[in-house]
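S.K.: Here is my input, please return the structure:
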Amino acid sequence: MPPRLQNVPAASARVQPGQLTPRTPHSRAGRAEEGSTGIELEQFGDEDYHEHTHQQQTVPLLASSASTNFPPSGYRARGDDYDGQSKRTTGSTIRLLVANSGLILGSALALALFLSIVLSYKRPDLLLSAVGADADETSLSPSPTPKPDDALPPTDLENIISYENYTRFPLDPIEYKAECHKLMGEVMGAMEFWSGQEDVIHHDKIEPENYPAAEGLPTRICSKTITYMLDGHVGLLADLALMAQVAGLARMANRTFLIDDTYWNHGKWTDHFQDIRVRQPGPEPGCHAPPSDELVACPRNARHWIINSLTAKYHLGHAFSEEFEDPYGRQLNRLRGIFNQARVSLTEIIRPNAATAALISSARSELASFIGLDPSNTTDQYQSIHVRRGDGMGSSWKYHNKNVPVEEYATAGNAAWNRLFRSVGNPTPLTVYLASDDPDVFEALQSQLEPGSRIFSLAKSRNPDLQDIASPEPYFQDEFSALPGADRVQLTKGMIVDFAVLSGCGPGVMT
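M.R.: From the prediction side, this is the model:
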């Protein structure tokens, strides 16, 4: 059997076993470790030695890290005392600046702009002198928005409202709306409620001794007023609801509240209600109303502010709610303060005069007699139904641009009576007070209500005074405005009586 082969290194015959020392070619250590014997080394002469050392490297390829000749390279070779700052050459610094020139320039401009803003607020005179302007002639100080108590006539031409193109005062409601549109656009944008500096020039600031006043009236002008203009562009109750809110604004702003009925198609205010100056005299009782050419519809900070149903959208919208609603209330409770202002106005300020109150009292007494109760009894039970005809169209999609059918009113009336009274075992037949501008509604409703129901209305009254104020035909706004003034006043009394009995209020209260 042949012997087993073994892998023997070629140098093993020449190199004695032992510890190997790493070396590099041509190094002195390497030459010494090439396996030469001592006799061979002695045979090298000085010439050969010098030639050999001349060919050697001055630095070994693999130097020990502990050696002083070990080159400093890498992070660990820098030592613990290295400060982390690398020295850059001049060329590399210039290249860095050029590469980041945009960032450096933008930062410098931002710093300059910031300093300019600070100087414009702290020392505006320095900026003015730098641009060559006179600090005494130019003012950069912001002018604060005046509060309603501090509203004064404008002193600069930009804030002066001119009525030079008008010849009749007060302006009609459409003209006031046009003036608001010039200043505010279609609707008033987001701003504080009491805002605006525009106003007209007031006579008492120019010629106080010649201020116009009617004969017998005091010459002391009211310093600040809010006027509600009754215009007839909306229904009677809509006008009264808007007026109630405006009266509340006058109380909160501590201004004198006034009424303008120049263009009202229902007559004069005192034909139906008590004098508003008596019910709400304001902070300056007895002061004289301003001339009608000083009334301004927009902005609200005008000294003599006037509102009508057409300009109410500029004032009684989102900004009004944000200013006066309760921020801590929920749902309808947020509007409690706004409703309370209207309630105070309708119960204490907007009150029927003696003649109108007498008609309301007569209607309530006859209704109480009709349902078989003592006229002094205030717990009488009846149901109120208001059926609007004429130009009163439905607002729901089902009856858009159509009158709501009488059947809808009858169905709702029967259901409400059964829910409120029949559920507790009350056998009293359904009793209805009907308010309508159309006399034909009476018979149509009677046929639709449950059997045994009874209906009372001004048109069926036994009192001739109540019959005279009942509406003889469906109400159309344009046709109503074309009627003689006396007829319009008479029909308006019927509307007021109807609404007073509908709401169940007493003769002297409109709620």
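S.K.: Can you tell me the SS state at Arg389?
M.R.: Using DSSP: H, G, I helix; E, B strand; the rest coil, the structure places Arg389 in coil.
S.K.: wouldn't it be in contact with Phe442 here?
M.R.: No: checked against C-beta atoms under 8 Å, the pair Arg389 and Phe442 is beyond contact range at 11.8 Å. From N, CA and C alone the C-beta is placed, and that goes for glycine too.
S.K.: So which of those two has more stuff around it?
M.R.: Between Arg389 and Phe442, Arg389 has the larger neighbour count (other C-beta atoms under 10 Å), namely 20 against 16.
S.K.: As a check, name the ranges of all strands in this structure.
M.R.: Along the chain, the segments classed as strands by DSSP state E run 225-229, 256-260, 304-307, 383-387, 431-436, 454-456.
S.K.: Can you tell me which of those strands is packed in deepest?
M.R.: Counting by mean count of other C-beta atoms under 10 Å, strand 304-307 has the highest mean neighbour count of those, with a mean of 26.
S.K.: now what about that one, what contacts it?
M.R.: In this structure, residues lying in contact with strand 304-307 by C-beta atoms under 8 Å, 6 or more residues apart in numbering are 170, 176, 222, 224-229, 242, 246, 255, 260, 290, 294-297, 315-316.
S.K.: Kindly recompute the last result at 6 Å.
M.R.: Thr225, Ile226, Thr227, Tyr228, Met229, Val246, Pro290, Glu294, Leu295, Ala297, His315 (C-beta atoms under 6 Å, 6 or more residues apart in numbering).
S.K.: And for stretch 411-422?
M.R.: By C-beta under 6 Å, 6+ apart, stretch 411-422 touches Gln383, Ile385, Leu430, Glu450.
S.K.: what do you get if the cut-off is 10 Å, keeping everything else the same?
M.R.: 381-385, 405, 426-432, 434, 445, 448-450, 453, 455 (C-beta atoms under 10 Å, 6 or more residues apart in numbering).
S.K.: Between the strands of the chain, which one is closest to Ile360.
M.R.: Judged by C-beta to C-beta, the one of those that comes nearest to Ile360 is strand 431-436, at 12.5 Å.
S.K.: Tell me which other helices or strands the closest one touches.
M.R.: Packing contacts for strand 431-436, counted by 3 or more C-beta pairs under 10 Å, 6 or more residues apart in numbering; DSSP states H and E, involve helix 354-370, strand 383-387, helix 406-420, helix 441-448, strand 454-456, helix 485-503.
S.K.: Pull out the buried positions in the longest helix along the chain.
M.R.: Using DSSP state H, we find that the single longest helix of the chain is helix 101-122. By neighbour count with 16 or more other C-beta atoms under 10 Å, helix 101-122 contains no buried residues.
S.K.: Could I get the average pLDDT for it?
M.R.: For helix 101-122, mean pLDDT is 86.
S.K.: That helix packs against which elements?
M.R.: helix 124-131.
S.K.: what's the angle from the helix it packs on to helix 101-122?
M.R.: In terms of direction (axes from the mean of the first three to the mean of the last three C-alpha atoms, to 10 degrees), helix 124-131 departs from helix 101-122 by 120 degrees.
S.K.: Check which helices and strands helix 124-131 is in contact with.
M.R.: Against helix 124-131 (3+ C-beta pairs under 10 Å, 6+ apart) you get helix 101-122.
S.K.: Figure out the length between the terminal residues of stretch 456-469.
M.R.: 15 Å (C-alpha to C-alpha, to the nearest Å).
S.K.: right, and the strands of the chain - which one's nearest Leu111?
M.R.: strand 304-307 (47.6 Å).
S.K.: Just the CA trace of that closest one, in PDB.
M.R.: Output in PDB follows, covering the C-alpha atoms of strand 304-307 (Å, rounded to 0.1, in the frame of the first residue of the first chain):
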ATOM      1  CA  HIS A 304     -76.200 109.100  13.600                       C
ATOM      2  CA  TRP A 305     -76.600 105.600  12.400                       C
ATOM      3  CA  ILE A 306     -79.800 104.600  10.500                       C
ATOM      4  CA  ILE A 307     -81.100 101.000   9.700                       C
END
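S.K.: Might you report the residue contacts of Glu164?
M.R.: Glu164 makes contact with no residue under the criterion C-beta under 10 Å, 6+ apart.
S.K.: quick one: it from Asp293, how far?
M.R.: 11 Å (C-beta to C-beta, to the nearest Å).
S.K.: repeat for Ser384
M.R.: Counting by C-beta to C-beta - Ser384 and Asp293 are separated by 44 Å.
S.K.: before we move on, what about Lys205?
M.R.: Counting by C-beta to C-beta, the gap from Lys205 to Asp293 is 14 Å.
S.K.: now Leu332
M.R.: For Leu332, the distance to Asp293 - C-beta to C-beta - is 42 Å.
S.K.: quick one on the thing from earlier: wait, which of the strands of the chain is closest to Glu192?
M.R.: Nearest to Glu192, of the strands of the chain and by C-beta to C-beta, is strand 304-307 at 15.1 Å.
S.K.: What's the mean pLDDT across the closest one?
M.R.: On average, strand 304-307 scores 96.
S.K.: Comparing Leu332 and Asp293, which residue is more hemmed in?
M.R.: Using other C-beta under 10 Å, the more surrounded residue of Leu332 and Asp293 is Asp293, with 17 against 8.
S.K.: Leaving out chain neighbours, which residue sits closest to that one?
M.R.: Phe169 (4.3 Å; C-beta to C-beta, 6 or more residues apart in numbering).
S.K.: Ok, Ala244 next?
M.R.: Ser345 (3.7 Å).
S.K.: now do Thr270
M.R.: Asn353 (6.6 Å).
S.K.: State the phi and psi torsions of the one you found.
M.R.: phi -80, psi -180 (degrees, to the nearest 10).
S.K.: Could you check how far it is from Asp465?
M.R.: Applying C-beta to C-beta to Asn353 and Asp465 gives a distance of 15 Å.
S.K.: circling back to that earlier point, can you tell me how far the residue nearest to Thr270 sits from Trp264?
M.R.: For Asn353, the distance to Trp264 - C-beta to C-beta - is 15 Å.
S.K.: In terms of packing, which of these two has more residues around it?
M.R.: Set Asn353 next to Trp264 and count neighbours by other C-beta under 10 Å: Trp264 wins out with 19 against 15.
S.K.: Might you report the residue contacts of the more buried one?
M.R.: Counted by C-beta under 10 Å, 6+ apart, Trp264 has contacts Met229, Leu230, Asp231, Gly232, Leu236, Asp239, Asp271, Arg488, Thr492.
S.K.: ok, now with 7 Å
M.R.: Leu230, Asp231, Gly232 (C-beta atoms under 7 Å, 6 or more residues apart in numbering).
S.K.: So which of the residues you listed sits lowest on pLDDT?
M.R.: Scoring the contacts of Trp264 by pLDDT puts Gly232 last, at 86.
S.K.: still on that earlier bit, format the helices and strands packed on strand 431-436 as a markdown table; extra columns: mean pLDDT and distance to Asp199.
M.R.: A markdown table is the format used below for those (pLDDT from 0 to 100; distance: least, C-beta to C-beta, whole Å):
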| stretch | mean pLDDT | distance to Asp199 |
| --- | --- | --- |
| helix 354-370 | 94 | 37 |
| strand 383-387 | 94 | 42 |
| helix 406-420 | 92 | 49 |
| helix 441-448 | 94 | 49 |
| strand 454-456 | 94 | 52 |
| helix 485-503 | 95 | 35 |
